[in-house]
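Participant: sequence first, predicted model second:
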Amino acid sequence: MNILLLIGGLILILLGANGLTDGAASVAKRFRIPPIVIGLTIVAFGTSAPELTVSVSSALKGSADIAIGNVVGSNIFNTLMIVGCTALFAPIVITRNTLRKEIPLCVLSSIVLLICANDVFLDKASENILNRVDGLLLLCFFVIFMGYTFAIASKPATTGDAGHPAIEEETEIKSLPWWKSILYIIGGLAALIFGGQLFVDGATGIARNLGVSESIIGLTLVAGGTSLPELATSIVAALKKNPEIAIGNVIGSNLFNIFFVLGCSASITPLRLSGITNFDLFTLVGSGILLWLFGLFFAKRTITRIEGGIMILCYVAYTVVLIYNT
């Protein structure tokens, strides 16, 4: 049964990613919204819905390690595995604005989480806890991020490297009727959310039958399962020559996960970090810095297939160390 859940969830995720990408790209083209805005908002929030559902429900059930591990693991998976796999299918071109603003903001979110989750080291507390104050602080950062995103949307589309490129007519973006675009977006999101939940249920059932700890389940299986929508959406977007939706999806999902998902979860109930260590948090920060360095210094703001392969190897190494230390 668990294997059937895995397969059924994966099929729904792939179908949903294709519909969501087509619908979102069509909306961007019709209303001349910069693709990065679509990637940072509609696509990112939609594909992060599984993380929101899993983390909030886990927090309410007292499974803090799954709630936090899901977010931390998903963001590491997003940055290393998703960007890496996407680059293997099609090299990802990153604009200057993304390198100067969005990726550094993503790194900042990881650093903020690292600080909030180190009560023992910074305050000599008895344990590390994300309390309601930390949750409200993360939600405040989320409001700032949304304000920045809407500021991008309010500016007229520009061309060239200095800004986010306008959507060109000759790119492979389907011109869909508005009702069909909305139907694709809603249907794609529904398939992604439901498929992600099926996958997580199957993976979690298998892991618990094998006696794996909750922190490992959260950091690996649940994180990877809830990140499958981002993986499918980014690869499909890159193959359809929408690189800004691909990279915007990853960055937006990471910001949404830390600022909104963890912010909501910690605001509802304090989250105790027992199985999540500084090794995981520093890996999260390092993955964002690696993405920024690859985009800034190599191959003219392009994540190449070689760099994508390196990022995948980094994720594999992290997983091996994580499992070895348990």
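Facilitator: That came through, no problem.

Participant: so what's residue 235 scoring on pLDDT?
Facilitator: The per-residue pLDDT reported for residue 235 equals 83.

Participant: now do the buried residues in the helix or strand containing it.
Facilitator: Residue 235 is located in helix 228-239, with elements delineated by DSSP states H and E. Neighbour-count burial for helix 228-239 flags 228, 229, 230, 231, 232, 233, 234, 235, 236, 237, 238 (criterion: 16 or more other CB atoms under 10 Å). From N, CA and C alone the C-beta is placed, and that goes for glycine too.

Participant: can you give me the distance of residue 22 to residue 188?
Facilitator: 8 Å (CB to CB, to the nearest Å).

Participant: wait, residue 132
Facilitator: Residue 132 is 34 Å from residue 188, by CB to CB.

Participant: neighbour count winner among the two?
Facilitator: Set residue 132 next to residue 188 and count neighbours by other CB atoms under 10 Å: residue 188 wins out with 27 against 14.

Participant: and that one, how close does it get to residue 127?
Facilitator: 41 Å.

Participant: again, but for residue 185
Facilitator: 42 Å.

Participant: more neighbours, the two?
Facilitator: Neighbours per residue (other CB under 10 Å) separate residue 185 from residue 127, with residue 185 holding more: 22 against 9.

Participant: ok, the more buried one - contacts?
Facilitator: Counting by CB atoms under 8 Å, 6 or more residues apart in numbering, residue 185 touches 19, 20, 23, 24, 27, 42, 46.

Participant: pLDDT score assigned to the nearest residue to the fifth one once chain neighbours are set aside?
Facilitator: In other words, residue 27. Spatial nearest neighbour of residue 27, excluding adjacent residues (CB to CB, 6 or more residues apart in numbering): residue 181 at 5.2 Å. Here the pLDDT value assigned to residue 181 is 85.

Participant: and residue 181, how many neighbours?
Facilitator: Neighbours around residue 181, by other CB under 10 Å: 22.

Participant: tell me which helix or strand it sits in.
Facilitator: Going by DSSP H and E, residue 181 is in helix 178-209.

Participant: give me phi/psi at residue 129?
Facilitator: phi -140, psi 130 (degrees, to the nearest 10).

Participant: as a check, name the ranges of all strands in the protein.
Facilitator: With DSSP state E as the criterion, the chain has strands at 92-93, 129-130, 271-272, 302-303.
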